[in-house]
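[1] starting from these lines, generate the structure:
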Amino acid sequence: MTPRPRRATRRRGATVFKKCAICHIVDSDKNKVGPSLNGLFGRKAGTHPDYAYSAGMKAAGDGGLVWDETTLREYLHNPKTKVKGTKMAFVGLKGDDDISNLIAYLKQYPK
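    Got it, this is the predicted structure:
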């Protein structure tokens, strides 16, 4: 029998976010090395104000990529596969639990 996945929590997501916090911020709308993730869900990819996105990320947004749980999960598994030409150097999160927890954490910061 496979173990049942744990329920995603913001607390565990805050721990996962520490990997992201090197480049991103979520509790305000200011950009760092990467764009702010505040109000991420529902945002068209490559459109946060005052951030210099890669041509690949802009093209993904122009092609219809909007951040929701599904698209973010795919991106976080392998950013360079989901968005060709992204300048994000992070290799991604391999664990589904980590991604679920991170999503729960990010959702508490709507715009």
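[2] nearest residue to residue 6 other than its sequence neighbours?
    Among residues not flanking residue 6 along the chain, residue 97 sits closest, at 6.1 Å (C-beta to C-beta, 6 or more residues apart in numbering). Bear in mind the C-beta positions are built from the backbone N, C-alpha and C, glycine included.
[3] would you indicate which residues of the one helix or strand the one you found maps to are buried?
    Using DSSP states H and E, residue 97 maps to helix 96-106. Buried residues in helix 96-106, counted by 16 or more other C-beta atoms under 10 Å: 98-106.
[4] any idea which of these is closest to residue 30?
    residue 106 (15.8 Å; C-beta to C-beta).
[5] just give the closest residue to the spatially most central residue of the chain, not the sequence neighbours.
    What sits nearest the mean C-alpha location of the chain, by C-alpha atoms, centre = their mean, is residue 72, with 5.4 Å. Leaving out its chain neighbours, the residue that sits closest to residue 72 by C-beta to C-beta, 6+ apart is residue 103, at 6.3 Å.
[6] ok, the one you found touching residue 69?
    Yes. Between residue 103 and residue 69 there is a contact at 5.6 Å, judged by C-beta atoms under 8 Å.
[7] quick revisit: and the buried residues of helix 96-106 as a markdown table, adding distance to residue 49 and pLDDT?
    As requested, the buried residues of helix 96-106 are arranged in a markdown table below (distance: C-beta to C-beta, whole Å; pLDDT from 0 to 100):
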| residue | distance to residue 49 | pLDDT |
| --- | --- | --- |
| 98 | 29 | 96 |
| 99 | 26 | 97 |
| 100 | 29 | 97 |
| 101 | 28 | 97 |
| 102 | 23 | 97 |
| 103 | 23 | 97 |
| 104 | 26 | 97 |
| 105 | 23 | 97 |
| 106 | 18 | 98 |
